[in-house]
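Colleague: below: sequence and its predicted model.
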Amino acid sequence: MIDFTLILHPILVILAGLAGLQDWRTGEVTDWITWPLFIAGGMAAIAKAVRLDFLPLTISIFFLVIWYFNWMGGADVRVLIGLWGLWPLAGFLALVTTGVWGLILVLRRRGKERIPALVTIAIATCLTFLAEFARMVV
């Protein structure tokens, strides 16, 4: 049987990396990266909820509330929902990394600059992939 994570995880790393690079350079991310992640992750979260695993759907709704109150940008939320639905470990580590980086910037700069969240999400996704790859090799 084919392990689809061997195909899916590298694709997610590439998409998150492209989003992080665009966010770093321009402060904006094109929709062709974020919307497919959002739709696929949302569908995966709903499919998991049907199997009585409500955590990805609950987290996705939480992210939508965060977006609604304008506490995080739309592209950041779409990528995080995609990761939580398709690769929960990467989604969790991306959220933790973004939170720690945001706290550092707020304390250091007193919240005067924007936080490029997709950069930290991309870094966390890449590190998750490398850790899982290393675990498979060893």
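Modeller: That came through, no problem. Residues are numbered from 1 along each chain as shown.
Colleague: which helix or strand contains the most centrally placed residue in the chain?
Modeller: The centre of the chain sits closest to Leu80, judged by CA atoms, centre = their mean, with a distance of 3.1 Å. Assigned by DSSP states H and E, Leu80 belongs to helix 74-86.
Colleague: sketch out the low-pLDDT regions of this protein for me.
Modeller: 1-2, 110-113 (pLDDT under 70).
Colleague: sorry, back to before: could you measure from the residue nearest to the centre of the chain over to Met136?
Modeller: 25 Å (CB to CB, to the nearest Å). (Glycine included, C-beta is placed from N, CA and C.)
Colleague: what do you get for Pro116?
Modeller: For Pro116, the distance to Met136 - CB to CB - is 30 Å.
Colleague: with Leu95 instead?
Modeller: Counting by CB to CB, the gap from Leu95 to Met136 is 24 Å.
Colleague: between those two, tell me which one has more neighbours.
Modeller: Leu95 (20 against 9; other CB atoms under 10 Å).
Colleague: for that one, which residues are in contact?
Modeller: Leu80 (CB atoms under 8 Å, 6 or more residues apart in numbering).
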